[in-house]
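A.B. asks: Here is a sequence with its predicted model. Questions after.
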Amino acid sequence: MTEKVKKQLLEWAAMYHRADFIANDPVRFPHRFSTKQDIEVSGLLTALMSFGNRKQILKKAEDLHRIMGISPYKYVLSKKWEEDFPADNGNSFYRMLSYSDFNGYFRRLFDAYALSSSLEDVLATYLCGSPIEILCRFMEVSPRSPQKKLNMFLRWMVRRNSPVDFGIWEKFRAGDLIIPLDTHVCRVAYTLGLTDSQTFSLKNAHKITDSLAEIFPDDPCLGDFALFGSGVNGVV
């Protein structure tokens, strides 16, 4: 990586890693809450919906939060989701995510909070693995795909001293996170030579993350703001 590219990424990180990033990003929804459990529930469900057209993501996430009310955590415990999101309703709630899918998400969260007062503590009981491997086991999805949405959720929960991310999980390290690989991140990383491929693969996510770790030691996902911000704003 050239010194010119390093300097550019540092400049972009400083430019986009700011509180005003929140307003037009899905992270704005968990920012409505102050309790750890509300942030966890809102953060996970919002992240799971964060694909496709940004305006549609924000619109549908707004609908979900209207249903959950003033406390997503209390909504989970109330089990009202069994009525709002019936297990046998295969109709779409957001794109390919059905009401039944959300029933499964809420049930998983309900079972987790029956074991502990925080999702972090439940995940910390898993014996080994990286943060994304542990979260994939909890969600019962493959850890062999880039899992952009779950990696974004982990960034929100784990990164500290950030005007955007919460840093409320203390049992996981920012240095172990993987870049949330989306169209903008992949394209800009390829253009800058951080990777030699634009494929949406776990291998490519690791390669970009490793490149960013050269600039942002112990916090490679700070580079997410540089790549995503420059990409979505048409700088690159």
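C.D. replies: Here it is on my side, so go on. What you see is a predicted model, and the numbers here were worked out from it, not measured in a lab.
A.B. asks: Counting residues, which helix of the chain comes out longest?
C.D. replies: Among the segments of the chain that qualify as a helix by DSSP state H, the longest is helix 99-115.
A.B. asks: Which strands and helices lie in contact with that helix?
C.D. replies: helix 36-48, helix 72-78, helix 81-84, strand 92-94, helix 119-124, helix 131-139 (3 or more Cβ pairs under 8 Å, 6 or more residues apart in numbering; DSSP states H and E). In short, each C-beta sits where N, CA and C put it, glycine included.
A.B. asks: Tell me the buried residues in it?
C.D. replies: Residues of helix 99-115 classed as buried: 99, 101-103, 105-109, 112-113 (neighbour count, 16 or more other Cβ atoms under 10 Å).
A.B. asks: what sits up against that helix?
C.D. replies: 37, 41, 44-45, 48, 64, 73, 76-77, 79, 81-82, 84-91, 93, 119, 122, 138-139 (Cβ atoms under 8 Å, 6 or more residues apart in numbering).
A.B. asks: Next: stretch 55-65.
C.D. replies: Here stretch 55-65 has contacts from 24, 26, 28-29, 32, 42, 45-46, 49-51, 72, 93-94, 102, using Cβ under 8 Å, 6+ apart.
A.B. asks: Surely Met157 and Arg173 touch.
C.D. replies: No. Counting by Cβ atoms under 8 Å, Met157 does not reach Arg173; the two are 12.0 Å apart.
A.B. asks: higher neighbour count, these two?
C.D. replies: More crowded of Met157 and Arg173, by other Cβ atoms under 10 Å: Met157, with 27 against 13.
A.B. asks: dump the residue contacts of that one.
C.D. replies: 39-40, 43, 120, 165-169, 172.
A.B. asks: top of those by neighbour count?
C.D. replies: For those, neighbours tallied by other Cβ under 10 Å; top is Glu40, 28 neighbours.
A.B. asks: In this structure that one contacts Ser116, no?
C.D. replies: No. Counting by Cβ under 8 Å, Glu40 does not reach Ser116; the two are 11.0 Å apart.
A.B. asks: and of the contacts of stretch 55-65, the nearest to Ile132?
C.D. replies: Ser50 (15.6 Å; Cβ to Cβ).
A.B. asks: roughly how far apart are the nearest residue to the closest one once chain neighbours are set aside and Leu64?
C.D. replies: The spatial neighbour of Ser50 that comes closest, neighbours along the chain excluded (Cβ to Cβ, 6 or more residues apart in numbering), is Pro26 at 4.7 Å. Distance from Pro26 to Leu64, counting by Cβ to Cβ, to the nearest Å: 11 Å.
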